[in-house]
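Undergrad: Quick one, structure for this:
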Amino acid sequence: MASRPRPERTGPGQESVWDYPRPPALRRCTLPIEVVLGGEVICRTSNSWQVLETSHPPTYYLPRSAFVPDALRPAEGRSFCEWKGAARYLDVHGGGRTVPSAAWYYPAPTDPFAVLLDHVALYAGPMDACLVGGEKVTPQPGGFYGGWITSAVAGPFKGVPGSMGW
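TA: Residues are numbered from 1 along each chain as shown. Okay, here's the model as predicted:
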């Protein structure tokens, strides 16, 4: 098992992902969020949830109702989170582009995460842009995790090479 890395020093207005708990916590987010795909804004909201877990940048769960019609379509694939339960995947559509299995949701989240019902998280990498408070996010490294990195968080972040055991 890899040893816990040394947290980066936080700057003004930042929080360390190493201060996030395990099991994860939920936090309401009222910052404006936009998701752009194929040059089209496919989601706009100021009412989302962040899942905050040790070593991960926040994962944003956006209300399904904030997506434009037909932006989300059922896709193949399932996964399981020990905290939130069974997830299903969605293809994301916008501006004539389709990104397969780029979003996920919990049709029956566990009781501690019940607020995530009717909310969707998505991978930032394949989108044209995901913006939080007007800032373009960087996707969490590694391809499997769906956290969004902004200037408000300090790492290092799980997903970099050698971080599997964190």
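Undergrad: rest of the way, CA atoms for contacts and neighbours
TA: Fine.
Undergrad: Can you list the low-confidence ranges for this structure?
TA: Residues of the chain meeting the criterion pLDDT under 70: 1-2.
Undergrad: ok, now which ones touch the residue sitting nearest the centre point of it?
TA: Central residue of the chain (C-alpha atoms, centre = their mean): Thr59, 2.8 Å from the mean position. Counting by C-alpha atoms under 8 Å, 6 or more residues apart in numbering, Thr59 touches Gln50, Val51, Leu52, Ala121, Gly146, Gly147, Trp148.
Undergrad: Taking the residues you listed together, which two end up most distant?
TA: Leu52 and Ala121 (13.1 Å; C-alpha to C-alpha).
Undergrad: And stretch 48-64, end to end?
TA: Taking C-alpha to C-alpha, to the nearest Å, stretch 48-64 runs 10 Å from one end to the other.
Undergrad: Likewise for stretch 7-24?
TA: End-to-end for stretch 7-24, by C-alpha to C-alpha: 18 Å.
Undergrad: so Gln50 touches Cys29, yeah?
TA: Yes: with contact defined as C-alpha atoms under 8 Å, Gln50 counts as touching Cys29 (6.5 Å).
Undergrad: More neighbours: the two, which one.
TA: Ranked by neighbour count (other C-alpha atoms under 10 Å), Gln50 and Cys29 place Gln50 first, with 21 against 17.
Undergrad: That one: helix or strand, and which one exactly?
TA: strand 48-52 (DSSP states H and E).
Undergrad: Adjacent strands (with direction) for that strand?
TA: Strand 48-52 pairs in its sheet with strand 25-29 (antiparallel), strand 59-63 (antiparallel), by DSSP bridges.
Undergrad: Tell me the helix or strand right after the last one.
TA: To tie it back to what came earlier, the one meant is strand 59-63. strand 72-81.
Undergrad: What lies in contact with stretch 127-137?
TA: In contact with stretch 127-137 (C-alpha under 8 Å, 6+ apart) are residues 31-39, 124, 148-150.
Undergrad: Please convert the buried members of those into ChimeraX selection syntax.
TA: To isolate the buried ones among the contacts of stretch 127-137 in ChimeraX, judged by 16 or more other C-alpha atoms under 10 Å, type:
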select :33,34,35,36,37,124,148,149,150
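Undergrad: host element of Arg88?
TA: Using DSSP H and E, Arg88 maps to strand 85-94.
Undergrad: The helix or strand following that strand vs strand 85-94, what angle?
TA: Next helix or strand after strand 85-94 toward the C-terminus (DSSP H and E): strand 97-105. Relative orientation of strand 97-105 and strand 85-94, computed by axes from the mean of the first three to the mean of the last three C-alpha atoms, to 10 degrees: 160 degrees.
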